[in-house]
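Visitor: build me a model from this:
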Amino acid sequence: MHAYFTQIEGFRIRYWEGGDGFPVLMLHGVGPGTSTVGNFGPVLEPLEEHCRVIAIDLIGFGDSERKKEGPLFDMDLWVRQGLAVLDHFTGGKRCGLIGHSLGGALALKIASHAPQVTKILTSSSIGASYPLNDTLDAFWTLPRNSDELRRIMENMVFNQTAITDEMLELRWEMLSQPGYGDYFADMFAGDRQALIDAAVVGDEEAARITAAITMLHGRNDKPCPADQTTLVVADKLPRADVILLSECGHNLPRERTDDYLAAARALFNPQS
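Guide: The predicted structure is shown next:
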């Protein structure tokens, strides 16, 4: 998989591309030092063996350019970013979406505007309104040092071995870039409940989605409990299959990598 840059709405966007076959766009979640590699690192290269993978850093995250003015938490912009990438790389042909956490809600919202999306895989997805809890509140708070980042990330998983030194160093390096920490703090300043609600997949949006959907969620997800998120959203999606994974927290692609890849292969199999 190779990394590139492109321009979307005047923003310089980092993306990764590799593999052949059915095209799939990957969308990460939002958190301290989050990026495509931070969310999906262990599954990127294995997915290349089965799909043409296009993975992007959302505007304001990873190595993509940051906004100059608010709102910095901008669901509408991220949806447009995803739609522009689909148009550029698939030309309106059949394709799939993969989304983790807030990226799952983004994938569903994008699909509601893009009938060429025929398959969607979400993991640990939000998309319903639920009360902001202490774990998510801490995750959306700028850590003061790398030790605090580790403690925050440890609350995001069931299996502590999923928190590797390499992953923490990648996130801390991102947060240590000039201006990046302040940008992250500003993005999540104010009413954080309103940010959860901004990601709600509405009834009209859900009704426009025709894709086959597989929704994965850990039973031990603290910041985004399955019964308040994926299970609620799935009720609006008649073509959605839900798989709950035991002994698994929020960082599902890293905690249950083999199960994640098995679900992806089954969904994006050209014969399915």
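
Visitor: measure the nearest residue to Ile163 once chain neighbours are set aside to Cys224 for me?
Guide: The shortest distance from Ile163 to any non-neighbouring residue, by Cβ to Cβ, 6 or more residues apart in numbering, is to Met153 (5.1 Å). C-betas here are computed from N, CA, C, even on glycine. As for Met153, its distance to Cys224 is 15 Å (criterion: Cβ to Cβ, to the nearest Å).

Visitor: more neighbours: those two, which one.
Guide: When neighbours are counted by other Cβ atoms under 10 Å, Cys224 comes out ahead of the other of Met153 and Cys224, with 28 against 24.

Visitor: is that one within a helix or a strand, and which one?
Guide: Cys224 is part of no helix or strand, with elements assigned from DSSP states H and E.

Visitor: quick one on the thing from earlier: I'd assumed Leu168 was in contact with the residue nearest to Ile163.
Guide: Yes - counting by Cβ atoms under 8 Å, Met153 touches Leu168, with 6.6 Å between them.

Visitor: pLDDT value on the closest residue to Leu261 other than its chain neighbours, please?
Guide: Spatially, and ignoring its direct neighbours in sequence, Leu261 is nearest to Pro46 (5.3 Å; Cβ to Cβ, 6+ apart). For Pro46, the model assigns a pLDDT of 96.

Visitor: change the start of the numbering to 838 and stick with it
Guide: Will do, 838 is the new start, and the previous item becomes Pro883.

Visitor: helices or strands up against the helix or strand Pro883 falls within?
Guide: Per DSSP H and E, Pro883 falls inside helix 873-885. On a contact count with 3 or more Cβ pairs under 8 Å, 6 or more residues apart in numbering; DSSP states H and E, helix 873-885 meets strand 848-855, strand 860-864, strand 889-893, strand 932-937, helix 1002-1012, helix 1089-1092, helix 1094-1105.

Visitor: how far is the helix or strand harbouring the residue nearest to Ile1000 from where the chain is centred?
Guide: Using DSSP H and E, Met990 sits in helix 983-991. When distances are taken as Cα atoms, centre = their mean, to the nearest Å, helix 983-991 is centred 20 Å away from the chain's centroid.
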